[in-house]
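Enquirer: model this:
(one chain, ligands or ions: 2)
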Amino acid sequence: MDTVITKELIRKLPKVDLHLHLDGCVKPETALELASTLGIPLPASEKELLLPYMQVTDDCGSLKEYLSKFDFTTPFLQTGDALKRVAREAVEQAAEHSCGYIEVRFAPQLHRKKGLSVDETMYWVTEGLKQGEARCGVKARAIAICMRNHSQQANREVVEAAARFLGQGVVAVDLAGDEASFPAELFRDTFALARKHGIPITIHAGEAAGPANIYEAVTRLGAVRIGHGVRLQENPEVLEIVRERNVPLELCPVSNIQTKAVSGWEAYPIKQYFEQGLTLTVNTDNPTVSGTTITQEYQTIAEKFHFTLHELAAIVMNGVDAAFLEPREKRILKADFKRKLGELQINVL
Ligand SMILES: O=c1[nH]cnc2c1ncn2[C@H]1C[C@H](O)[C@@H](CO)O1
Ligand SMILES: [Zn+2]
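Expert: Numbering: from 1, shown residues only. Ligands and ions are numbered 1, 2, ... in the order given. The predicted structure follows:
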């Protein structure tokens, strides 16, 4: 008989979160404290009343609307202390959900309003992750994000700083923001520079625009993972390229429904993609903005698409394989996950 998949079983299941934005996982109680320290007035003084300013509701109409929620949080994330704290808390929150490994992404240029340099933002975020690692036993790395609405110069600075921090806590670069207004091809020079420096690349694509952006990201920009990629089903040829090249998709189910990347759960293609042999990973995107947790993401797909516990574990292991870690570190992580899954009577390849 199949094991009954309870929420507690999923919480205990060792997991990874490869697509997690730093400014999307700020706890409301932390926002309250940071605002008070920085002397920033807030519309509410209790965390329950603050949450609606930080979180989308079911009637969110688009990625653009979803992204507007980040305007609330960025003013608090402008000092080294704030960046270090929220990075550490990202690790602590991941530990509560049995994540053994996380990659926390952030856009350095959004955190410079009080004079931090790009390198300083990377220093403080990686310090916070290291602190979290030491306290919680969760491995944590950073991904530096280039923003679609930023200048080529601003994005170049991010890539160059990421090259300096590569192996020092930063493991990759990404491209995020308003996909519908800024197609991937505008960023060829930015990612050519990343490739020149040997920095692994993941790119948000196929979320608020079609598979052409996925095609561009994989075949021209050098992306070895795709953020979301949920609209891949709209073009079977691009789907075949992604499948053949074994490019992992960083699906974020709750966020994908909220941003209307997909019209609703009945149209969410995760089961088809799984059966078609695509390499899927499941992630949170923005726990606070989306009102989700990694446990909730897995529970949702288990309930709505009838994934078995073994299939969920296979998705977890896809994430371990897709981690931007050095081969040796990845072997250790993989062995650790196999052992922990074995303790839950789940055997994976
Ligand atoms: O799902 C997303 N798609 C595109 N951009 C996103 C998504 N989630 C967050 N962002 C943006 C808003 C944040 O301020 C920025 C850096 O984390 O990245
Ligand atoms: Zn994202």
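Enquirer: Tell me how far the closest residue to Asn283 other than its chain neighbours lies from ligand 1.
Expert: Closest residue in space to Asn283, ignoring its immediate chain neighbours: His19 at 3.6 Å, by C-beta to C-beta, 6 or more residues apart in numbering. Bear in mind the C-beta positions are built from the backbone N, C-alpha and C, glycine included. From His19 across to ligand 1, the span is 8 Å (C-beta to the nearest ligand atom, to the nearest Å).
Enquirer: Which strands and helices lie in contact with the helix or strand where His19 lies?
Expert: Here His19, judged by DSSP states H and E, is contained in strand 15-21. If contacts are counted by 3 or more C-beta pairs under 8 Å, 6 or more residues apart in numbering; DSSP states H and E, strand 15-21 sits against helix 80-96, strand 99-106, strand 225-228, strand 280-282, helix 294-305, helix 309-322.
Enquirer: Got the phi and psi for Gly277?
Expert: Torsion angles at Gly277 (phi, psi; degrees, to the nearest 10) stand at phi 80, psi 20.
Enquirer: For Glu297, give me its contacts.
Expert: Contact analysis of Glu297 by C-beta atoms under 8 Å, 6 or more residues apart in numbering lists 252-254, 282-284.
Enquirer: now swap in Val91 and tell me
Expert: Neighbouring residues of Val91 by C-beta under 8 Å, 6+ apart: 102, 104, 128-129, 131-133, 135-136, 138, 140.
Enquirer: Which PyMOL command selects the buried ones in the residues you listed?
Expert: Buried residues within the contacts of Val91, by 16 or more other C-beta atoms under 10 Å, are selected in PyMOL with:
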select buried, resi 102+104+128+129+131+132+133+136+138+140
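Enquirer: of the contacts of Val91, list those near ligand 1.
Expert: Applying C-beta under 6 Å from any ligand atom to these, one finds that nothing falls near ligand 1.
Enquirer: and the residue of the stretch 151-300 of the chain found nearest ligand 1, how far is that from Pro200?
Expert: Nearest residue of the stretch 151-300 of the chain to ligand 1: Ala176, at 3.6 Å (C-beta to the nearest ligand atom). According to C-beta to C-beta, to the nearest Å, Ala176 stands 16 Å off from Pro200.
Enquirer: before we move on, what about Ser117?
Expert: Applying C-beta to C-beta to Ser117 and Pro200 gives a distance of 23 Å.
Enquirer: Neighbour count for the two, which is higher?
Expert: Pro200 (18 against 12; other C-beta atoms under 10 Å).
Enquirer: Enumerate every residue touching that one.
Expert: Taking C-beta under 8 Å, 6+ apart, one finds 171-173, 224-225, 324 in contact with Pro200.
Enquirer: Just the closest of these to Asp71, please.
Expert: Checking these against Asp71 by C-beta to C-beta gives Val173 as the nearest, at 23.4 Å.
Enquirer: now the helices and strands packed on strand 15-21 in CSV, with mean pLDDT and distance to His204?
Expert: Output for the helices and strands packed on strand 15-21, formatted as CSV (pLDDT from 0 to 100; distance: least, C-beta to C-beta, whole Å):
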stretch, mean pLDDT, distance to His204
helix 80-96, 98, 19
strand 99-106, 99, 10
strand 225-228, 98, 4
strand 280-282, 98, 14
helix 294-305, 98, 17
helix 309-322, 98, 15
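Enquirer: Who does the residue nearest to Asp17 when sequence neighbours are not counted form a beta bridge with?
Expert: Spatial nearest neighbour of Asp17, excluding adjacent residues (C-beta to C-beta, 6+ apart): Ile102 at 4.7 Å. Per DSSP bridges, the residues bridged to Ile102 are Asp17, Ala140.
Enquirer: Distance-wise, check Ile102 relative to ligand 1.
Expert: 14 Å.
Enquirer: Show me where the stretch 151-300 of the chain has its helices.
Expert: Counting by DSSP state H, counting those that start in this stretch, the stretch 151-300 of the chain has helices at residues 152-165, 188-196, 211-216, 236-244, 253-258, 270-275, 287-290, 294-305.
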